[in-house]
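When you get a sec, could you give me coordinates for this:
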Amino acid sequence: MQLVRGNIVRGNKDLAKHLQVSVRTIGRWKSDGLLSEAIVGQMHRVILYDLDKVLKCMNHYCLPASKN
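As a prediction, the model looks like this:
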């Protein structure tokens, strides 16, 4: 996982690794608006996420358990 500064994660791939979900799941959550408050910026084409805000967003919405 690559932290840019503090609790900022750079990109969907690194966020997926941190949360132990697929990149596709991150994309789905983003398109559903789940992560909109956690996005703090963008460097070129890479989205920057605040981890604290991501966790708050996830706690705010009840996420179903993943199926393996």
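
where does the protein dip in pLDDT?
Counting by pLDDT under 70, the ranges of the chain that qualify are 1-5, 62-68.

Which parts of it are helices?
12-19, 23-31, 51-60 (DSSP state H).

A38 is nearest to which of the ones you listed?
Among the helices of the chain, helix 51-60 comes nearest to A38, with 3.8 Å by Cβ to Cβ. Bear in mind the C-beta positions are built from the backbone N, C-alpha and C, glycine included.

List the buried residues in that closest one.
Judged by neighbour count using 16 or more other Cβ atoms under 10 Å, the buried positions of helix 51-60 are 51, 53-54, 57.

any chance of the residues you listed in CSV, plus distance to L35?
Shown next, in CSV, are the buried residues of helix 51-60 (distance: Cβ to Cβ, whole Å):
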residue, distance to L35
L51, 11
K53, 8
V54, 6
C57, 6
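
Now flag whichever of those residues is closest to W29.
W29 has its nearest neighbour among those in C57, at 8.4 Å by Cβ to Cβ.
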